[in-house]
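1. sequence first, predicted model second:
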Amino acid sequence: MEALRSFRGNAVHVRTAVEFMAREPGRMGVERGYLQDAGLMERYKRLSIPVRRALNLTDRASFSQALESLA
């Protein structure tokens, strides 16, 4: 059951990050002829960490461990 609790907590982080990305679209600018988005990396970092945890087989918050505890 610990794996399910961790997975659910991780899902909350994913939802929060997706909502944040929708609310804060970022500010586009041009620097040396290239489009730049100042907060892009920070927004994706908020999303990538919980997604990485869900895909990591050895993490308590992983899909595989949550599925295993349900079986």
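-> Alright, I've got the coordinates.

2. the most centrally placed residue in the chain and Glu24, how far apart?
-> Residue closest to the mean C-alpha point of the chain, counted by C-alpha atoms, centre = their mean, is Leu47 at 2.4 Å. Leu47 sits 12 Å away from Glu24, going by C-beta to C-beta, to the nearest Å. Heads up, the C-betas are built off the backbone N, CA and C, glycines and all.

3. mean confidence score for the helix ranked longest in the chain?
-> In the chain, with assignment by DSSP state H, the single longest helix is helix 2-23. Averaged over helix 2-23, pLDDT sits at 89.

4. helices or strands up against that helix?
-> On a contact count with 3 or more C-beta pairs under 8 Å, 6 or more residues apart in numbering; DSSP states H and E, helix 2-23 meets helix 40-55, helix 63-70.

5. contact partners of the shortest one?
-> Which is helix 63-70. With contact meaning C-beta atoms under 8 Å, 6 or more residues apart in numbering, helix 63-70 is reached by 1-4, 6-7, 54-55, 57, 59.

6. closest one of those residues to Gly33?
-> Comparing these against Gly33 with C-beta to C-beta picks out Leu55 as the nearest, at 35.9 Å.

7. residue contacts, that closest one?
-> 62-63.

8. tell me the confidence at it?
-> pLDDT for Leu55: 92.

9. likewise Gly26?
-> Listed pLDDT for Gly26 reads 72.

10. same check on the one 4 residues further on?
-> Per-residue confidence for Val30 comes out at a pLDDT of 75.
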